[in-house]
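[1] below is the sequence, then the predicted model.
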Amino acid sequence: MRLLILNGPNLNLLGSRETEIYGSASLAELEQGLRTTFPDVDFRFAQDNNEGALVDALQQAETDGLDGVVFNPGGYGHTSVALRDAIAAITTPVVEVHISNVHAREDFRQRLILSAVCRGVISGLGPAGYQLAVRLFIEERVDG
């Protein structure tokens, strides 16, 4: 199984940015936790603060024939039609993940415009949301 773990803007600051909301684990620690928990998965990790680079990464996942994408779009999840269109244009399934519970936050964060074109959405479970998304891909592969 080959998966892309894709993170959007400001997620490079995990562990130091608003720890009361996002926790104290760094992005590197989150990635290492996935490698340790799922040693048989071939992970590719990417983080970018730029919308176009995230579109490119989604399209490349399709080109490379990856089995799925676990995508935390950060703030772009509320605003990016370009990312929504990129997800809709590829056949590679995408699970949207948010560390915080966006539905318990500001009104503008409660609208997720990518969700309708994603395989599913996990919100508010912290870094465990990434693990649940990976488990979904593994289970669907076994059951499929």
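    Yep, that arrived.
[2] neighbours around the spatially closest residue to residue 40 that is not a sequence neighbour, how many?
    Nearest residue to residue 40, sequence neighbours excluded (C-beta to C-beta, 6 or more residues apart in numbering): residue 1, at 7.1 Å. C-beta here means a position set from N, CA and C on the backbone, and glycine is covered the same way. Counted with other C-beta atoms under 10 Å, residues neighbouring residue 1 total 15.
[3] distance of residue 1 relative to residue 23?
    26 Å (C-beta to C-beta, to the nearest Å).
[4] per-residue pLDDT, the residue nearest to residue 40?
    The score at residue 1 is 96. That number is its pLDDT.
[5] and residue 108, by the same measure?
    Taking residue 108 on its own, its pLDDT is 60.
[6] report the rounded mean pLDDT for stretch 91-104.
    89.
[7] now it: buried residues?
    Using 16 or more other C-beta atoms under 10 Å as the test for burial, stretch 91-104 gives 92-100, 102.
[8] which of these fall within strands?
    94-98 (DSSP state E).
[9] show me the contacts for residue 49.
    For residue 49, the contact set (C-beta atoms under 8 Å, 6 or more residues apart in numbering) comprises 8-10, 12.
[10] dump these to CSV, plus neighbour count, pLDDT and secondary structure.
    Formatted as CSV, those follow (neighbours: other C-beta atoms under 10 Å; pLDDT from 0 to 100; DSSP: H, G, I helix; E, B strand; the rest coil):
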residue, neighbour count, pLDDT, secondary structure
8, 24, 97, coil
9, 17, 96, coil
10, 14, 93, coil
12, 17, 95, helix
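[11] which intervals of this structure have sub-threshold pLDDT?
    104-106, 108-110, 143-144 (pLDDT under 70).
[12] neighbours of the residue nearest to residue 88 when sequence neighbours are not counted, how many?
    Nearest non-adjacent residue to residue 88, counting by C-beta to C-beta, 6+ apart: residue 117, 4.3 Å away. Neighbour count for residue 117, taken as other C-beta under 10 Å: 16.
[13] and the residue nearest the centre of the chain, what helix or strand is that in?
    By C-alpha atoms, centre = their mean, the chain has its centre lying nearest to residue 71, at 1.8 Å. Counting by DSSP states H and E, the element that carries residue 71 is strand 68-72.
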